[in-house]
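K.L.:
what shape does this take:
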Amino acid sequence: MAVQAILGKKIGMTQIFDETGRAIPVSVVEAGPCVVTQVKTPEKDGYVAVQVGFGEVSPKRVNKPLKGHFKKGNVSPMRYLREVPVTDLSGLSVGSEIRVADVFKAGDKVKITGTSKGRGFQGVVKRHHFHGGPQSHGSMIHRKPQSSGATDAARTFKGVKKPGHMGAERVTQKGLTIVRVDAERNLLLVRGAVPGANGGLLYIARDERG
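P.N.:
Numbers count the residues shown, from 1 in each chain. I've put the predicted structure just below:
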């Protein structure tokens, strides 16, 4: 299929064994099935893409504009909507179902985007990996931020490493390898860790570098 990406949900991590008995750490991702809810054409929109929906949702939790959008395409309400690139629109129309085996196979390189775990307000040691101050008795600056540059500007310059909010931001992990595709259960086994907590939304796309 010409679709280059799919939506999924992080299930968790486990390990599998290859033919030599070596353990491989993998992330389990429920990828799809996704439903095409809108088709973008060069004549109408100026580019080629499809909008896909993922995850069931109760109709009463959908606002009126989205209800009209789903009704226009005669598709059931979906929890998540995202636009994905395609190389060819042939065989794709509103209501078409995209399954994980249609997009990926074992050995493919992918990049996965998700929202990282929120860590709240953190200091510089955890947030920026500062090594901290002396650990001896009486130091009193074990984990405190020390000099951070000039002070005569009476403001903090952008990019200065300070304590602050950590996590809960969009993160893309590139260069991941698909170890196995379970077409029956719509599962991807991806070598290594992917961003976010279990149950979080993921955007899985082909990594062109691979």
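K.L.:
where in this structure is pLDDT low?
P.N.:
1, 209-210 (pLDDT under 70).
K.L.:
domain assignment for this structure?
P.N.:
For the chain, automatic domain parsing gives the domain ranges 5-118+171-206, 121-166.
K.L.:
pick the most deeply packed of the ones you listed.
P.N.:
Stretch with highest mean neighbour count among the domains of the chain: domain 5-118+171-206 (a mean of 16; mean count of other CB atoms under 10 Å). C-beta: built from backbone N, CA, C; applies to glycine.
K.L.:
pull up the distance across that domain, start to finish.
P.N.:
6 Å (CA to CA, to the nearest Å).
K.L.:
ok, what's across the strand from the closest residue in space to Thr177 that isn't next to it in sequence?
P.N.:
Closest residue to Thr177 apart from its sequence neighbours, by CB to CB, 6 or more residues apart in numbering: Arg191 at 4.7 Å. Counting by DSSP bridges, Arg191 is bridged to Val26, Thr177.
K.L.:
residue ranges of the helices in the chain, please?
P.N.:
In the chain, the segments counted as helices under DSSP state H are 64-73, 100-103, 124-128.
K.L.:
please tabulate those helices in JSON lines, including the columns distance to Arg180.
P.N.:
Converted to JSON lines, the helices of the chain look like this (distance: least, CB to CB, whole Å):
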{"stretch": "helix 64-73", "distance to Arg180": "33"}
{"stretch": "helix 100-103", "distance to Arg180": "11"}
{"stretch": "helix 124-128", "distance to Arg180": "35"}
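K.L.:
of all those helices, which lies closest to Ile11?
P.N.:
Closest approach to Ile11 among the helices of the chain (CB to CB): helix 100-103, 13.0 Å.
K.L.:
now that closest one - C-alpha only, PDB.
P.N.:
Extracted in PDB, the C-alpha atoms of helix 100-103 (Å, rounded to 0.1, in the frame of the first residue of the first chain):
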ATOM      1  CA  VAL A 100      -0.500  -2.800  10.000                       C
ATOM      2  CA  ALA A 101       0.500  -5.600   7.600                       C
ATOM      3  CA  ASP A 102      -0.500  -3.300   4.600                       C
ATOM      4  CA  VAL A 103       2.100  -0.700   5.700                       C
END
